[in-house]
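Novice: any chance you could fold what I've pasted below:
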Amino acid sequence: MDRSTDQMRCPDERALKAATRIARRLGSSRVIDDRDVLESYAGDESHLIPVVPAAVVRAASLEDVRVSLEVAHELEVPVTPRGAGTGKSGGAIPVRGGLVLALAELGEIREIDRDDLVAVVQPGVITGRLHEAVEAEGLFYPPDPASLDTCFIGGNVAENAGGPRAFKYGVTSHYVLGAEVVTPGGRVIRTGHRSVKGVAGYDLTSLLVGSEGTLGVFTELTLRLVPRPQAVRTLLALFPDGHAAGAAVSCMVQLGLVPRVIEFLDHESVDTLRDARSVPIPPEAGAVLIVEVDGDEDGLDAQAERVADACQAQGSFEVLAAQTSIEARRIWAARRELSELIGRRRQHKLSDDIAVPRSAVATMIDAATRIGERHDVLVVSYGHAGDGNLHVNVLWDGEGPERAETALREIVEAAVAMGGTITGEHGVGAAKRHLLSIEQSGDLIALQKRLKEIFDPRGILNPGKVFPELPPSSRW
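Specialist: Reported below is the predicted structural model:
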């Protein structure tokens, strides 16, 4: 983490003054200042150092959010919006101190409309709960981040989250039709529309999606739904090495196959699952693809066979099909716990996500492995091969993360050099703000900063995130 943030923190006395004003207007039950409780709002699932806020406001309504941002703007107190705290980039860490605006109590699914194929939800709805609710109506909300059982829709929208199904269905931004947003100063704006089409004015909804809580706070979201697929088939394709698996991905794309999921696991990931006995993987497997196809029941077996043929044509020595939903869930349970299992292999772990063109996945895996060897760290890679989004884990034993941080930077530089990006779905946050200039020019970053100033002229909303540097301020 950028250590200079400690020197730029908002003085607690001013933040506590803001908390007192908010408590007077909303009620004391809305504001927390107990140190033991505050510590639970200090960090997220990134590797960054937690920062304890001066106070937490627990918002339960639009008015709670509006008043909080109005008071914070008046007193120039930083506000960090927080959902479930499952983010990997430090976006929910209050690096400038001040207030945390907790949105967990805004958790209502307000509407599921089968005629218009939309859902209207509050930001504190758990993503997995939304999945269950819409699927009970015969509908489908495709985005499926790995933390779907705990993460919130608001955080997904703020980070433009993806997930394994993004290859066929796209990422969160493809499903946000409109939003109710509160900007600093307490202004409430509505962007977008309920209709599928709409091109009036600038597309501010798309600007807000993925803005990482730096422009406004979501209080309601209108989401696009699609009909639920009738059936799903889950395949586990075993390969001797990563190059063969990567070639199979390219082969499927060239043949016009569009599975809803193509997940890649490198040899270290496969070894991790094999050692944990999560799924039975023979010792000759050096890489694995998890492939899912969905659609109408008629013809689905033929689609699965075409996928299996493409894998075998590129060197897969076995393609296993889950025979029951229980077997399929077991495969996905192993995939979703992979990050935790990998973390047990060494004393320390840095996790990151990058994205490259899908044709460069195998090359990127090799490059990451070589970089790890050069810096004497273990690199484990897996992810969404269908859209080139890889989760890279750098592990090491002993003191000092310098080797790991250097290796991670070189991996990011390699991804950008291949035509990729420094983050595919986790966001920039506080963790990667120093890497943004690897991908984006100074002019482009300056333009984005000017947009930030229009929404947030006093710089109070989630400061210390996204941009490589912020202007020094005597206030923080």
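Novice: give me the residue at the spatial middle of this structure.
Specialist: With distances taken as Cα atoms, centre = their mean, the residue of the chain nearest its centroid is His426 (3.6 Å).
Novice: pretty sure that residue contacts Asp353?
Specialist: Yes. With contacts defined as Cβ atoms under 8 Å, His426 counts as touching Asp353 at a distance of 4.7 Å. Where you see a C-beta, it was placed from the backbone N, CA and C, and this is true even at glycine.
Novice: hey, what's in contact with both of those two?
Specialist: Overlap between the neighbourhoods of His426 and Asp353 consists of Lys88, taking contacts as Cβ atoms under 8 Å, 6 or more residues apart in numbering.
Novice: quick revisit: what's near enough to touch the residue nearest to the centre of the chain?
Specialist: Gly87, Lys88, Ser89, Glu159, Asp352, Asp353.
Novice: so it, which of the three states?
Specialist: Three-state secondary structure (criterion: DSSP: H, G, I helix; E, B strand; the rest coil) places His426 in coil.
Novice: and the pLDDT for Arg3?
Specialist: What the model reports as pLDDT for Arg3 is 37.
Novice: ugh, typo on my part, it should be Pro471
Specialist: Note on Pro471: pLDDT of 41.
Novice: same question for Ser351.
Specialist: pLDDT, Ser351: 87.
Novice: surely it meets Leu395?
Specialist: No. Using Cβ under 8 Å, Ser351 is not in contact with Leu395; the gap is 9.6 Å.
Novice: now, the contacts of His426 that are in strands?
Specialist: If you go by DSSP state E, those have Asp352, Asp353 in strands.
Novice: now the contacts of His426 as JSON lines including neighbour count?
Specialist: Formatted as JSON lines, the entries for these read as follows, by neighbours: other Cβ atoms under 10 Å:
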{"residue": "Gly87", "neighbour count": "26"}
{"residue": "Lys88", "neighbour count": "25"}
{"residue": "Ser89", "neighbour count": "28"}
{"residue": "Glu159", "neighbour count": "29"}
{"residue": "Asp352", "neighbour count": "26"}
{"residue": "Asp353", "neighbour count": "23"}
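Novice: surely Ser381 is in a helix?
Specialist: No. Assigned with three-state DSSP, Ser381 falls outside any helix and is strand.
Novice: OK, contacts around it?
Specialist: Remark: with contacts taken as Cβ under 8 Å, 6+ apart, Ser381 is in contact with Phe264, Asp266, Glu268, Ser269, Met364, Ile365, Ala368, Thr369, Leu390, His391, Val392, Asn393.
Novice: can you check Leu395 too?
Specialist: Taking Cβ under 8 Å, 6+ apart as the contact definition, Leu395 lies against Ile342, Gly343, Arg345, Arg346, His348, Lys349, Leu350, Val377, Leu378, Val379, Val380, Ala404.
Novice: and what of Gly85?
Specialist: With contacts defined as Cβ under 8 Å, 6+ apart, Gly85 is in contact with Tyr41, Gly43, Asp44, Glu45, Ala92.
Novice: distance check, it against Gly155.
Specialist: Gly85 sits 8 Å away from Gly155, taking Cβ to Cβ, to the nearest Å as the criterion.
Novice: got any residues that touch both of those two?
Specialist: When Cβ under 8 Å, 6+ apart defines a contact, the residues bordering Gly85 and Gly155 alike are Ala92.
Novice: excluding chain neighbours, what is closest to Glu39?
Specialist: Taking Cβ to Cβ, 6 or more residues apart in numbering as the measure, Glu39 lies nearest to Val52, with 5.7 Å between them; neighbours along the chain are not counted.
Novice: could you pull up the mean pLDDT of the helix or strand where Val416 lies?
Specialist: Under the assignment given by DSSP states H and E, the secondary-structure element containing Val416 is helix 402-417. Averaged across helix 402-417, the pLDDT comes to 96.
Novice: still on that earlier bit, what's the most distant pair in the contacts of Gly85?
Specialist: Tyr41 and Glu45 (13.5 Å; Cβ to Cβ).
Novice: more neighbours: which of the two?
Specialist: Taking other Cβ atoms under 10 Å, Tyr41 and Glu45 do not tie; Tyr41 has more neighbours (24 against 19).
Novice: how close does the more buried one get to Ile22?
Specialist: Tyr41 sits 15 Å away from Ile22, going by Cβ to Cβ.
Novice: before we move on, what about Gln312?
Specialist: In this structure, Gln312 and Ile22 are 62 Å apart, going by Cβ to Cβ.
Novice: then His348?
Specialist: With distances defined as Cβ to Cβ, the gap from His348 to Ile22 amounts to 39 Å.
Novice: check Ala287 too.
Specialist: Taking Cβ to Cβ as the criterion, Ala287 is separated from Ile22 by 53 Å.
Novice: ditto for Asp203
Specialist: Applying Cβ to Cβ, the value for Asp203 to Ile22 is 33 Å.
Novice: poorly predicted segments of the chain, please.
Specialist: Low-confidence regions of the chain, defined here as pLDDT under 70, cover residues 1-8, 469-476.
Novice: domain ranges for it, per the record?
Specialist: 4-105, 109-227, 231-334, 346-436 (automatic domain parsing).
Novice: buried set for stretch 375-383?
Specialist: Judged by neighbour count using 16 or more other Cβ atoms under 10 Å, the buried positions of stretch 375-383 are His375, Val377, Leu378, Val379, Val380, Ser381, Tyr382, Gly383.
Novice: meant to ask about stretch 100-118, not that
Specialist: Taking 16+ other Cβ under 10 Å as the neighbour-count basis, stretch 100-118 is seen to contain the buried residues Val100, Leu101, Ala102, Leu103, Ala104, Leu106, Gly107, Ile112, Leu117, Val118.
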